[in-house]
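1. show me the folded form of this:
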Amino acid sequence: MSERVTIRTVAARAGVSKSLVSLVLQGSPHVSPAKRGAVEQAMAELDYRPNLLARSLSGSRTGLVGVLLDDLRNPWFVDCLEALRDALHEQGRHTLLAAAGGGQGIDSAAVPSFRELRVDGLVVVGTVPGAQDLLRAARLPTVVAGNRDVDLPGVDVIANDDLTGAQLAVQHLVDLGHRRIAHLAGRFGVAADLRAQGYRAAMADHGWGDLVRVETADASESSAYSAAVRLLDADPDRRPTAIVAANDLSAIAAQSAALDRGLRVPDDVSIVGYDDTWLASLRAVALTSVDNANAEVGRRAAAAFDARIADPDRPATLELLTPTLRVRGSTGIPPA
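-> Numbers count the residues shown, from 1 in each chain. Sure, this is the predicted structure:
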């Protein structure tokens with residue numbers, strides 16, 4: 001059987017000390033580029049894999065990051081999580097995931113378990129019910145990605161400008177000639193509330209406050225479908241010619257509701273989603289959607305985590321990314 005590769009083996013191959021290899025593994029900035037390169041080359045040649053448990057017992061950092069998210073079924077979470085994971089990996093970090101089942105909240109044992117595994121800190125992805133209390137008790141370096149429900153000292157937030165995003169959606173429909181624009185709202189925290197506010201503000205700016213119509217759904221497709229039915233079953237003279245949905249899943253449910261009622265999208269009703277997930281770009285869906293920079297949120301969250309670990313006492317930051325609109329086939333001019 002071949003001899004097990006250890007940190008001493010790497011040090012001998014690279015021609016450096018064992019302590020210097022340890023500094024490289026810890027991501028220390030106090031290593032010259034030349035020696036860091038020699039150590040990394042030796043690890044690659046030897047196919048060396050650090051023993052994370054041993055590192056956690058012997059050092060102050062383990063390179064482990066606990067990630068909390070609410071629902072793996074929502075494609076927005078996946079888009080953001082993949083970018084976050086890749087960016088953390090480039091920093092030499094590894095993720096441990098705790099996920100709940102859509103609105104049920106994270107198991108209260110998740111954070112204590114992460115602490116037992118000696119994670120360096122936490123990243124919360126999206127809206128997690130009860131996150132504020134979990135993080136207050138955790139007392140770990142923390143970054144929140146994609147929601148603004150958490151407001152705690154020392155917790156950085158990377159999110160989308162939801163207010164502006166909803167206004168972009170309404171303005172696009174106005175430019176196409178729509179006036180009877182409805183909103184299919186969601187129940188997923190501050191982000192959903194801000195999107196509803198953005199819709200109302202945009203309608204008021206055009207003097208159409210009396211045309212505001214809002215139906216609210218929870219996170220399920222069936223709830224969004226029912227809410228869309230309530231909008232579309234109105235008298236034809238009052239029925240909206242366009243719907244701005246709180247997210248892509250709700251928008252797709254609205255498309256289904258329209259088709260089931262013999263309405264054509266976009267000839268009879270235009271529909272705009274929010275999040276610009278991979279579902280929106282499918283040819284069969286072709287959904288116009290607000291792009292809230294899913295992957296970029298994940299990458300910025302990883303950068304914020306790195307900065308938080310380097311300076312745990314720095315003031316909390318809030319970074320809002322500017323959304324854009326991706327126009328596809330689900331929107332068009334209103335019916336005559």
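2. where do the helices sit along the stretch 1-150 of the chain?
-> Listed in chain order, the helices found in the stretch 1-150 of the chain under DSSP state H, counting those that start in this stretch are 7-14, 18-25, 33-46, 52-58, 75-90, 110-116, 131-138.
3. before we move on, what SS does residue 330 have?
-> coil (DSSP: H, G, I helix; E, B strand; the rest coil).
4. could you report the neighbour count for it?
-> Using other CB atoms under 10 Å, the number of residues around residue 330 comes to 25. C-betas here are computed from N, CA, C, even on glycine.
5. ok, it touching residue 269?
-> No. With contact taken as CB atoms under 8 Å, residue 330 and residue 269 are classed as non-touching, separated by 9.3 Å.
6. weakest of the helices of the stretch 1-150 of the chain in terms of mean pLDDT?
-> Per-stretch mean pLDDT for those is lowest at helix 52-58 (a mean of 52).
7. count of residues packed around the closest residue to residue 186 other than its chain neighbours?
-> Sequence neighbours aside, residue 246 is the residue nearest to residue 186 in space, at 3.4 Å (criterion: CB to CB, 6 or more residues apart in numbering). One way to gauge burial is a neighbour count; for residue 246, by other CB under 10 Å, it gives 29.
8. pull the helix or strand with minimum mean pLDDT from this structure.
-> When each helix and strand of the chain is scored by mean pLDDT, DSSP states H and E, helix 52-58 comes last, with a mean of 52.
9. for residue 162, find the nearest of the helices of the stretch 1-150 of the chain.
-> With CB to CB, the closest approach to residue 162 among the helices of the stretch 1-150 of the chain belongs to helix 75-90: 12.4 Å.
10. which helices and strands sit right next to that closest one?
-> The criterion is 3 or more CB pairs under 8 Å, 6 or more residues apart in numbering; DSSP states H and E, and the helices and strands that helix 75-90 contacts are strand 64-69, strand 94-99, strand 121-125, helix 248-260, helix 294-310.
11. which residue packs closest to residue 121, ignoring adjacent ones?
-> Distance criterion CB to CB, 6+ apart; nearest residue to residue 121, sequence neighbours excluded, is residue 141 at 3.5 Å.
12. give the contact list for the one you found.
-> Contact criterion CB atoms under 8 Å, 6 or more residues apart in numbering gives 120, 121, 122, 154, 305, 308, 309, 312 as the residues in contact with residue 141.
13. are any of these buried, and if so which?
-> Among these, those buried by neighbour count (16 or more other CB atoms under 10 Å) are 120, 121, 122, 154, 305, 308, 309.
14. hmm, residue 313 and the fourth one touching each other?
-> Yes. Because the distance of 7.5 Å satisfies CB under 8 Å, residue 154 is recorded as touching residue 313.
15. residue 183 belongs to a helix?
-> No. The assignment for residue 183 by three-state DSSP gives strand, which leaves it out of any helix.
16. and it, bridged to which residues?
-> With DSSP bridges as the criterion, residue 183 is bridged to residue 214, residue 244.
17. so what pLDDT did it get?
-> If you check residue 183, the pLDDT there is 98.
18. got the contact list for it?
-> By CB under 8 Å, 6+ apart, the residues touching residue 183 are 166, 195-196, 199-200, 212-215, 243-246.
19. neighbour-wise, which one of the residues you listed leads?
-> So for the contacts of residue 183 (other CB under 10 Å), the most neighbours sit at residue 244, 35 neighbours.
20. residues contacting that residue?
-> Taking CB under 8 Å, 6+ apart as the contact definition, residue 244 lies against 166, 169, 170, 173, 181, 182, 183, 184, 199, 272, 274.
21. do residue 31 as well
-> Counted by CB under 8 Å, 6+ apart, residue 31 has contacts 20, 23, 24, 39.
22. cutoff 6 Å now
-> By CB atoms under 6 Å, 6 or more residues apart in numbering, residue 31 lies in contact with 23, 24.
23. show the pLDDT at it.
-> The per-residue pLDDT reported for residue 31 equals 84.
24. and what of residue 3?
-> Per-residue pLDDT puts residue 3 at 65.
25. below-threshold pLDDT in this protein: ranges please.
-> Counting by pLDDT under 70, the ranges of the chain that qualify are 1-3, 26-28, 50-60, 100-108.
26. outline the domain layout of it.
-> Described in terms of automatic domain parsing, the domain architecture of the chain consists of the residue ranges 7-50, 64-160+293-321, 162-292.
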